[in-house]
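> Quick one: sequence and predicted model below, then my questions.
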Amino acid sequence: MTDQEVNIDKNIREIKRSLPEHVTLVAISKTKSNEAIMEAYEAGQRIFGENRVQELEVKQPDLPKDIQWHMVGHLQRNKVKYIAPFISMIHAVDTPRLLREINKQAKKNDRVIDCLLQLKIAEEDTKFGMDATQIKEILASENYSQYENVRVRGLMAMATFTDDKDQVNREFKTIHNLYKDLKDPYNFDILSIGMSGDYPIAIENGSTMIRVGSAIFGDRE
């Protein structure tokens, strides 16, 4: 399905109408053209997510400056420097070393970059993320307390890619329980769970941010 065959404006408006007020929509624009992104932009969308640094670098200069770009894919440490000047949020912080590098590059750019720590809840080996113990160790560490250029806003996760809604529900419950434990001590305000196929279940489990691509832009080519 091409960009032209999808009513992006209608999709954006319908999804936003269905969302509770406290849930933020991130439009996942990976592999999509600038024209498709502008159609979503003209429908009022301002937050877009990409999963590849190279694609972000190409798109960002040519699109409106009030777009908030979110890096939602796995991020290698050596690529952080390319997006540090403009990125609004990095969703998939999956190691202490990556968080340290983000702080370093944010400092070089005189910025504070919002981040989410990625919990691995899915069964697939291809999914990245830390377990609950590793996340708690990062937050309690002396290094973390000294980071002045990153602001960890909460947690992110991806459920197993499955039609078993009970399994997805269980996985989302797992991260929501951890989020509730950490929310007050660390001033968390974002739980980024839910994508095109499962965001209603995520919202039932406390999601405050959903990452939706195909339900807006159509299937990837």
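Received, thanks. Numbering: from 1, shown residues only.

> mind listing the helices in the protein by residue range?
Along the chain, counting by DSSP state H, helices occupy 8-18, 34-42, 53-59, 80-83, 96-108, 132-140, 142-146, 165-183, 199-204, 214-217.

> Can you give me the end-to-end span of stretch 62-69?
Start-to-end span of stretch 62-69 (CA to CA, to the nearest Å) is 13 Å.

> pLDDT below threshold where in the protein?
Along the chain, the parts satisfying pLDDT under 70 run over 1-4, 124-126, 220-221.

> follow-up on the earlier one: would you format the helices of the chain as a markdown table with distance to I193 and mean neighbour count included?
C-beta: built from backbone N, CA, C; applies to glycine. A markdown table is the format used below for those (distance: least, CB to CB, whole Å; neighbours: other CB atoms under 10 Å):
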| stretch | distance to I193 | mean neighbour count |
| --- | --- | --- |
| helix 8-18 | 16 | 15 |
| helix 34-42 | 21 | 18 |
| helix 53-59 | 22 | 16 |
| helix 80-83 | 23 | 18 |
| helix 96-108 | 20 | 19 |
| helix 132-140 | 15 | 15 |
| helix 142-146 | 23 | 10 |
| helix 165-183 | 6 | 17 |
| helix 199-204 | 4 | 19 |
| helix 214-217 | 15 | 21 |
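
> To E123, which of these lies closest?
Of all those, helix 165-183 sits nearest to E123, with 8.1 Å by CB to CB.

> That closest one vs helix 132-140, what angle?
Angle between the axes of helix 165-183 and helix 132-140 is 20 degrees (criterion: axes from the mean of the first three to the mean of the last three CA atoms, to 10 degrees).

> ok so, going back, and L155, which of the helices of the chain is closest to it?
Judged by CB to CB, the one of the helices of the chain that comes nearest to L155 is helix 165-183, at 5.2 Å.

> gap between that closest one and the chain center?
Computed by CA atoms, centre = their mean, to the nearest Å, the separation of helix 165-183 from the middle of its chain amounts to 16 Å.

> just stretch 163-179 next, same as before
Centroid separation for stretch 163-179 versus its chain: 17 Å, with CA atoms, centre = their mean.

> which residues are contacting it?
Applying CB atoms under 8 Å, 6 or more residues apart in numbering, the external contacts of stretch 163-179 come out as 119, 121-122, 132, 135, 154-155, 157, 159-160, 162, 188, 191, 193-194, 198, 201-202, 204-207.
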